[in-house]
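1. Mind looking at a prediction? Sequence and model below.
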Amino acid sequence: MWKAPRSANSVLVQALGTFALVALLLADVAAAAPDAECEGKALRAAKIGCYLEEAVSASQPELCERATEPQVKSMCLSLYAERARDAGPCQRIAQASPEGQAMRDACLSGVAIARREPAG
């Protein structure tokens, strides 16, 4: 079977594709790692605030998911969603428990209320 010779462009595209895949994988690992500064906070409210500040600063709600405590993750995602007026982060709240389901519902309600209020 005849194969077309590989051009320099196709080799470059393949190399860049591999590089991009590795970069995405490394970014996922970094995003999943708990933040030492936030985890070092003694109070749960301080942890939530720390993760929320990072997520808002980077416009990346998935940074909330680096928290090790489910309650911190859920509250961070909920507050982010309400502030951004975006229900997307609410969908990331784990619903394995009745508390998680209630938090997701509260998150969706908070976003709906925030959307009715004037921006400011």
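-> Received the coordinates, thanks.
2. What residues does residue 40 make contact with?
-> Under the criterion of CB atoms under 8 Å, 6 or more residues apart in numbering, residue 40 has no neighbours. Bear in mind the C-beta positions are built from the backbone N, C-alpha and C, glycine included.
3. gap between it and residue 46?
-> 9 Å (CB to CB, to the nearest Å).
4. do residue 103 as well
-> 19 Å.
5. and what of residue 89?
-> 20 Å.
6. Can you tell me, leaving aside adjacent residues, what's nearest to residue 82?
-> residue 110 (4.2 Å; CB to CB, 6 or more residues apart in numbering).
7. show me what contacts that neighbour?
-> By CB under 8 Å, 6+ apart, residue 110 lies in contact with 78, 81, 82.
8. Would you reformat the residues you listed as CSV and include distance to residue 34, neighbour count and pLDDT?
-> Output for the contacts of residue 110, formatted as CSV (distance: CB to CB, whole Å; neighbours: other CB atoms under 10 Å; pLDDT from 0 to 100):
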residue, distance to residue 34, neighbour count, pLDDT
78, 19, 25, 97
81, 21, 25, 98
82, 24, 22, 97
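9. Which ones among the residues you listed lie within helices?
-> Those of the contacts of residue 110 mapping onto helices are 78, 81, 82, per DSSP state H.
10. just curious, which of the residues you listed is nearest to residue 95?
-> Nearest to residue 95, judged by CB to CB, of those is residue 78 at 12.9 Å.
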